[in-house]
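[1] coordinates only, sequence not included:
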């Protein structure tokens, strides 16, 4: 099944965006819904599993300690348009699950379905690993505190 989003932009032009191809066993409404819902949450679930595995590994090695309020579930959130606090929270969460984010991006780069997606992901990984990106990330977290 090909997944395409079609919408009308502010100028009144019809825009179509190809999102990808998803394998389905049949074309009943329930199987199509399951395929779409499953693919949209797959990356988030992988990120959470990866992050959880890293925390367990660090706890076993004694690099971090458990306790009340520590190692809470952390996910990335979209920053709000007007709240600077939401930008700070998003940047802080990105920093706390940094390794997991990079691993999931590498997974998308290696196993992505769309060539364009793999290229963009590869470019994003390079930018995120650059000194400039990391420096600005830490700077913005301090500025927005």
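    The structure has been received and is ready for your questions. None of the values given here were measured: they were computed from a predicted structure.
[2] How many residues are close by the residue nearest to residue 103 when sequence neighbours are not counted?
    Leaving aside its chain neighbours, residue 103 sits nearest to residue 50 (5.5 Å; criterion: Cβ to Cβ, 6 or more residues apart in numbering). Glycine gets a C-beta too; all of them are placed from N, C-alpha and C. Using other Cβ atoms under 10 Å, residue 50 is surrounded by 18 other residues.
[3] any idea which element the nearest residue to residue 133 once chain neighbours are set aside lies in?
    Among residues not flanking residue 133 along the chain, residue 127 sits closest, at 5.5 Å (Cβ to Cβ, 6+ apart). Secondary structure assignment for residue 127, by DSSP states H and E: helix 115-128.
[4] so is the residue lying closest to residue 9 once chain neighbours are set aside in a helix, a strand, or just coil?
    Nearest residue to residue 9 in three dimensions, chain neighbours excluded: residue 15, at 5.3 Å (Cβ to Cβ, 6+ apart). Counting by DSSP: H, G, I helix; E, B strand; the rest coil, the backbone at residue 15 sits in strand.
[5] What pLDDT does the model give residue 15?
    At residue 15, the pLDDT value in this model is 77.
[6] List the beta-bridge partners for it.
    Following DSSP bridges, residue 15 is listed with bridge partners residue 7.
[7] Can you show me the strands along this protein?
    2-8, 14-21 (DSSP state E).
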